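Trainee: can you look at this prediction? I've put the sequence above it.
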Amino acid sequence: MAKAIMVQGTTSNAGKSFLAAALCRIFRQDGHTVAPFKSQNMALNSFITADGLEMGRAQVMQAEAAGIAPTVEMNPILLKPTNDTGSQVIVNGQVRGVMSAREYFKIKKQLIPDILTAYHTLADSHEIMVLEGAGSPAEINLKQEDIVNMGMAKLAGAPVLLCADIDKGGVFASLYGTVALLEPEERARIKGLIINNFRGDKTILDPGVEMLEQLTGIPVVGVVPHLQVDLDDEDSLTERFDSAGGRGLVDIAVIRLPRISNFTDFNSLSRLPEVSLRYVKTAAQLGSPDVVILPGTKNTMEDLRWLRQCGLEAAILKHAANGGAVVGICGGYQMLCRSISDPTGVEAGGDMRGMGLLEADTVFLGEKERTRVTGRMEQAQGIFRELNGTAFTGYEIHMGRTEGLTNLTRLEQNGMVKSDGMARDNVWGSYVHGIFDQGAFAQTFVSCLLRAKGLDPAQGVEDWDAYKERQYDLLADGVRGSLDLERIYAIMEEGICT
């Protein structure tokens, strides 16, 4: 049975996912086989595994850091919010249904066998398990039915490292307060505290660290500095949405839809030196970008209504009418069509006029498409003609079928060949997430935009996967130098018996 260590946080966005990824990389570098695990994840950024199952991207990132292929056992329960009070519930990679928070709360303890089966499947084949919690273990209104923080630590017999982000302020109060709100048995599971995202002179922090250790009786096993690493973010708390975009030669405006999903599709573009990528949520912010990208969304029809209400649809249509480039991915592709029909109530129900930029129509179906694909661009038009013949890889994850007169790409999946996407002039759309991750495709895409401005094409773009490998090593180097790893290994060796 694998040794285990769990990373919990005092709040959401305390750095749990990155610290877990760092530990996965460090343990791998030290010669161990290691797997990540999060029993329940709530996120709109998801991923399709090689066997066509859906899981959260945070555990995909951690699996990559550990040097192993992501599998759905790493995240057996995924909640994808559909509105403020309900989520699509995905168990073992497959949709179980759409439930309100109260409905899910009533049944989640019934999912413990699924959680344990997934956990033991991984633990039986790896030396170390790195578990991640969610939110805070001190949510006293939710603790009774907890299956992701101390409840999961107890199921796995895992000791806990509790982290807090000092950049948010109140780090000592949040660590002490979290510990104080736990039951004695839960408190006993916390074997180390971590102060994350520190900037400045650590000697000034040291007196507070000593006092915190005295107050809690728990050692601080590390003060992790603020690290400049570029990895996939968990979800809507990302700082990427607030970026001004820099001063690159190419201005890419991604529409920040209320229910935006899989915005990680564009991380590979944002790192390119020629590119300024920014997220836009008002017509005033749009300006005159070189390309507008409509991203994926968990609710295409509601987010299209939002585009109309806030004036962004009119601004995008004016941009396209003036010859501006527009790209839609998944839900964004559906918005570009002439019409959207939802006869069975998959989303809002009924029929809706699309933006009309592509000669295609979308019908929502009850069954979700989940598959990994490879393909190449075949019928791009306008400034994007150079993309024709360029290969890509990615995955589809949608509940709609879009049909029109022409097709943009040729896809291969599980030995089958099919078409995808649509193009008209400088507008194109595709269902493929991750289409920009291949270096050659990203380079050609940006080169098309540069040439349209009379500039030289992009040069020497590295594949996103290779780039991320370097980032994982940078993350591990920064965290390794700031954690008491000898103590952490000892904590895992001692474990928790109950």
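Mentor: Sure, I can see it.

Trainee: low-confidence ranges, the chain, go.
Mentor: 234-247, 405, 496-498 (pLDDT under 70).

Trainee: which residue sits farthest out from the middle of it?
Mentor: residue 214 (37.4 Å; Cα atoms, centre = their mean).

Trainee: helix, strand, or coil at that residue?
Mentor: Assigned with DSSP: H, G, I helix; E, B strand; the rest coil, residue 214 falls in the helix class.

Trainee: how near is it to residue 177?
Mentor: Applying Cβ to Cβ, to the nearest Å, the value for residue 214 to residue 177 is 16 Å. In this view, the C-beta of every residue, glycine as well, is placed from N, C-alpha and C.

Trainee: residue 466 - how many residues pack around it?
Mentor: 9 (other Cβ atoms under 10 Å).

Trainee: OK, contacts around it?
Mentor: Applying Cβ atoms under 8 Å, 6 or more residues apart in numbering, we find residue 466 in contact with residue 439.

Trainee: helices of the stretch 351-498 of the chain, start to end?
Mentor: 439-452, 464-480, 485-494 (DSSP state H, counting those that start in this stretch).

Trainee: with just CA atoms, put the second one into CSV.
Mentor: Put plainly, it is helix 464-480. Taking Å, rounded to 0.1, in the frame of the first residue of the first chain, the C-alpha atoms of helix 464-480 are listed here in CSV:
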residue,chain,number,x,y,z
TRP,A,464,2.9,23.3,-25.0
ASP,A,465,3.7,19.9,-23.5
ALA,A,466,7.4,20.4,-23.7
TYR,A,467,7.1,23.9,-22.3
LYS,A,468,5.0,22.6,-19.3
GLU,A,469,7.7,20.0,-18.5
ARG,A,470,10.2,22.8,-18.0
GLN,A,471,7.7,24.6,-15.8
TYR,A,472,7.1,21.5,-13.6
ASP,A,473,10.9,21.4,-13.0
LEU,A,474,10.9,25.1,-12.1
LEU,A,475,8.0,24.6,-9.7
ALA,A,476,9.8,21.6,-8.1
ASP,A,477,13.1,23.5,-7.7
GLY,A,478,11.3,26.4,-6.0
VAL,A,479,9.3,24.3,-3.6
ARG,A,480,12.1,21.8,-2.8
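
Trainee: next, the angle helix 485-494 makes with that helix.
Mentor: Angle, helix 464-480 to helix 485-494, by axes from the mean of the first three to the mean of the last three Cα atoms, to 10 degrees: 100 degrees.

Trainee: go ahead and confirm residue 279 touches residue 267.
Mentor: No - using Cβ atoms under 8 Å, residue 279 makes no contact with residue 267, being 11.9 Å away.

Trainee: neighbours of residue 363, how many?
Mentor: 17.

Trainee: hang on, the earlier thing: distance of the residue farthest from the centre of the chain from residue 186?
Mentor: From residue 214 to residue 186 the distance is 20 Å (Cβ to Cβ).

Trainee: do residue 257 as well
Mentor: Residue 257 is 38 Å from residue 186, by Cβ to Cβ.

Trainee: more neighbours: those two, which one.
Mentor: residue 257 (26 against 20).

Trainee: wait, a strand at that one?
Mentor: No - secondary structure of residue 257 (three-state DSSP): coil, not part of a strand.

Trainee: so who does it touch?
Mentor: Counted by Cβ under 8 Å, 6+ apart, residue 257 has contacts 294-295, 297, 303, 306-307, 331-332.

Trainee: nearest to residue 454 among these?
Mentor: Nearest to residue 454 out of the contacts of residue 257 is residue 294 (Cβ to Cβ; 26.4 Å).

Trainee: need phi/psi at the closest one.
Mentor: Phi and psi for residue 294, reported as degrees, to the nearest 10, are phi -100, psi 110.

Trainee: how about it, nearest residue that isn't a chain neighbour?
Mentor: Leaving out its chain neighbours, the residue that sits closest to residue 294 by Cβ to Cβ, 6 or more residues apart in numbering is residue 332, at 2.8 Å.

Trainee: just residue 1 next, same as before
Mentor: Per Cβ to Cβ, 6+ apart, closest to residue 1 is residue 123, 5.7 Å.
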